[in-house]
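Asker: just coords:
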């Protein structure tokens, strides 16, 4: 069975890579989505607990994923022999999640969107969260594809990966 680097990352060093790279960010993202529903539903009313929870989850998730991004960009991506288009789409989409998540964190910290109304900030927050959900799902779908289905030939002279994905 051939797999993308995305799947290999999640499969090696069990259960730690799965927890670090999938369980924690996905659980935080799902919690962010759940609290976002309450924030949007209660728009215009007092923020309350859900808004506070949503704010801190957004900040924590943004910086947590920045750590993942930096770790993989330093330790894995530079030496990665790409396994075709599925691999590029999976890894690229996964790593691109740092953009909307850091956008949410910076919005919550007041580093961006200072001149915006609360409704404009809420809309931007919602859009950034939606963008993250889309790129995360693209990463998951292409990450689960056998890369040979999208043209990669494992026997075409590329050296197999030496398990340089992050090990704890």
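Answerer: Here it is on my side, so go on. For clarity, every value in this text was computed on a predicted model and none was experimentally measured. Residues are numbered from 1 along each chain as shown.

Asker: going forward, measure contacts between C-alpha atoms and count neighbours the same way
Answerer: Fine.

Asker: quick one, phi/psi of the residue nearest the centre of the chain?
Answerer: Nearest residue to the geometric centre of the chain (C-alpha atoms, centre = their mean): residue 97, 4.0 Å. When read as degrees, to the nearest 10, the backbone of residue 97 gives phi -60, psi -20.

Asker: unless I'm mixing things up, it is touching residue 132, no?
Answerer: Yes: using C-alpha atoms under 8 Å, residue 97 is in contact with residue 132, at 5.3 Å.

Asker: tell me the helices in this protein, going along the chain?
Answerer: Ranges of helices within the chain are 5-11, 16-18, 24-41, 48-75, 84-96, 98-108, 118-143, based on DSSP state H.

Asker: and the second one, what does it pack onto?
Answerer: Translated: helix 16-18. In terms of contacts (3 or more C-alpha pairs under 8 Å, 6 or more residues apart in numbering; DSSP states H and E), helix 16-18 is packed against helix 5-11.

Asker: Could you check how far the helix it packs on is from the centre of its chain?
Answerer: Centroid separation between helix 5-11 and its chain, computed with C-alpha atoms, centre = their mean, to the nearest Å, is 14 Å.

Asker: Return the set of buried residues in it.
Answerer: Going by neighbour count (16 or more other C-alpha atoms under 10 Å), the buried part of helix 5-11 is 5-10.

Asker: just to revisit the earlier point, per-residue pLDDT, the residue nearest to the centre of the chain?
Answerer: Residue 97 is assigned 97 on the pLDDT scale.

Asker: Run through the residues that contact it.
Answerer: Residues near residue 97 by C-alpha atoms under 8 Å, 6 or more residues apart in numbering: 65, 132, 135-136.

Asker: Give me the neighbour count for residue 51.
Answerer: Using other C-alpha atoms under 10 Å, residue 51 has 18 neighbouring residues.
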